[in-house]
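K.L.:
Got a sequence here, can you model it:
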Amino acid sequence: FSLAAAMPRDATTTKAALTEPRTIEATVHLHKRVFSTAFKKKAPRAVKAIKEFASKAMGTKYVRVEGDLNRFVWHKGVRNVPYRVRVRMERKRQAEKKKQDKFGEMYTVVSLVETDSFKGLKTQLVAEAEVEA
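P.N.:
A predicted model of the protein is given here:
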């Protein structure tokens, strides 16, 4: 995947920008990430793939997957993972000093975005007003 192609080229890709809170909405293609995985490991591998995707996209080590997203991945069982999932990734500032030392000052929370179809959806930066609403 390439967020570089989806995001505009400006100060958003600098190291200073990685320390700012930000929200991105993206589609994760789970099928290509769990395709040749053993049946009983597909759903756990899909959750790990979502975490890897978010970690790479947001530049953080610590990624939290919310319960509704976890339930969506597992809702058809361990073997039948959905082909795609639309996620909202929020990069937030760590409050606890212990976790800051271990994982850095930022972390990512990944939540599910309900959608009927994945046609035409692109990776996009979410405005701050939409996040709080």
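
K.L.:
CA only for contacts and neighbour counts going forward, please
P.N.:
Noted.

K.L.:
now the strands: where do they sit in the protein?
P.N.:
Secondary structure of the chain (DSSP state E): strands at 22-29, 63-65, 84-93, 106-112, 124-125.

K.L.:
Mean neighbour count, those strands: which tops it?
P.N.:
Mean neighbour counts were compared across these using mean count of other Cα atoms under 10 Å; the top stretch is strand 106-112, at a mean of 22.

K.L.:
that older thread, format the strands of the chain as JSON lines; extra columns: distance to Arg45 and mean pLDDT.
P.N.:
Rendered in JSON lines, the data for those read as follows (distance: least, Cα to Cα, whole Å; pLDDT from 0 to 100):
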{"stretch": "strand 22-29", "distance to Arg45": "13", "mean pLDDT": "96"}
{"stretch": "strand 63-65", "distance to Arg45": "13", "mean pLDDT": "97"}
{"stretch": "strand 84-93", "distance to Arg45": "14", "mean pLDDT": "96"}
{"stretch": "strand 106-112", "distance to Arg45": "16", "mean pLDDT": "96"}
{"stretch": "strand 124-125", "distance to Arg45": "25", "mean pLDDT": "92"}
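
K.L.:
Distance to Lys51 added to the ones you listed, as a markdown table?
P.N.:
Formatted as a markdown table, those follow (distance: least, Cα to Cα, whole Å):
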| stretch | distance to Lys51 |
| --- | --- |
| strand 22-29 | 10 |
| strand 63-65 | 6 |
| strand 84-93 | 10 |
| strand 106-112 | 8 |
| strand 124-125 | 18 |
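
K.L.:
To Val73, which of those lies closest?
P.N.:
Closest approach to Val73 among the strands of the chain (Cα to Cα): strand 84-93, 8.2 Å.
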